[in-house]
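> following is a predicted model, sequence given first.
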Amino acid sequence: MSWIDDVMDLLCRLYKDLGGDCKDLYSNPSQAPSKVVSLYGTNGPPTFPNSQARLDFLANLDGIEKQLQSGSNSFSDDDNSALNALIADLRKDFE
């Protein structure tokens with residue numbers, strides 16, 4: 001899989017946790033970062049049915065961070081900054 005496929009899979013999981021439908025992301029992957037950030041702004045942090053779901057969510061954030069640090073990253077600097085800020089905010093929500 002390519003970098004964009006990997007990061008889109010991770011962003012899709014995050015988007016679903018925030019209450020979104022992944023088809024919104026895949027229609028235009030270059031807009032995926034802004035859509036994810038916007039949905040968090042609208043819906044706030046997700047809720048989880050159990051501690052394992054919360055741990056899976058946090059592991060997904062780690063995966064997104066790793067992909068953003070990849071040399072294959074093709075997102076703009078603004079998108080990278082927005083996603084990194086979102087990840088930091090989400091982690092604060094679950095401290």
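Okay, I see it.
> what's the burial count for residue 69?
10 (other C-beta atoms under 10 Å). Any C-beta I mention is one placed from the backbone N, CA and C, and that applies to glycine too.
> and what of residue 38?
Counted with other C-beta under 10 Å, residue 38 comes out at 15.
> now residue 63
The number of residues near residue 63, taken as other C-beta under 10 Å, comes to 17.
> just the element for the closest residue in space to it that isn't next to it in sequence, please.
Using C-beta to C-beta, 6 or more residues apart in numbering and skipping the chain neighbours, the partner closest in space to residue 63 is residue 10 (4.9 Å). Following DSSP states H and E, one finds residue 10 within helix 3-17.
> need the residues that contact that helix.
Residues outside helix 3-17 that contact it (C-beta atoms under 8 Å, 6 or more residues apart in numbering) are 1, 21-22, 24-26, 29, 32-33, 35-36, 39, 46, 57, 60-61, 63-64, 67-68, 70, 72-75.
> so what pLDDT did residue 26 get?
Residue 26 is assigned a pLDDT of 88 by the prediction.
> by average pLDDT, which secondary structure element in the protein comes out worst?
With mean pLDDT, DSSP states H and E as the measure, the helix or strand of the chain carrying the lowest mean pLDDT is helix 23-26 (a mean of 91).
> what helices and strands are in contact with that helix?
Counting contacts by 3 or more C-beta pairs under 8 Å, 6 or more residues apart in numbering; DSSP states H and E, helix 23-26 is packed against helix 3-17, helix 32-43.
> what are the buried residues along it?
Under the neighbour-count criterion of 16 or more other C-beta atoms under 10 Å, helix 23-26 has residue 25 buried.
> same deal with stretch 56-63?
57, 60, 61, 63.
> mind putting those into a markdown table with secondary structure and pLDDT?
As requested, the buried residues of stretch 56-63 are exported to a markdown table (DSSP: H, G, I helix; E, B strand; the rest coil; pLDDT from 0 to 100):
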| residue | secondary structure | pLDDT |
| --- | --- | --- |
| 57 | helix | 97 |
| 60 | helix | 97 |
| 61 | helix | 97 |
| 63 | helix | 98 |
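> which one among the residues you listed gets closest to residue 91?
When the buried residues of stretch 56-63 are compared for distance to residue 91 (C-beta to C-beta), residue 61 wins out at 6.7 Å.
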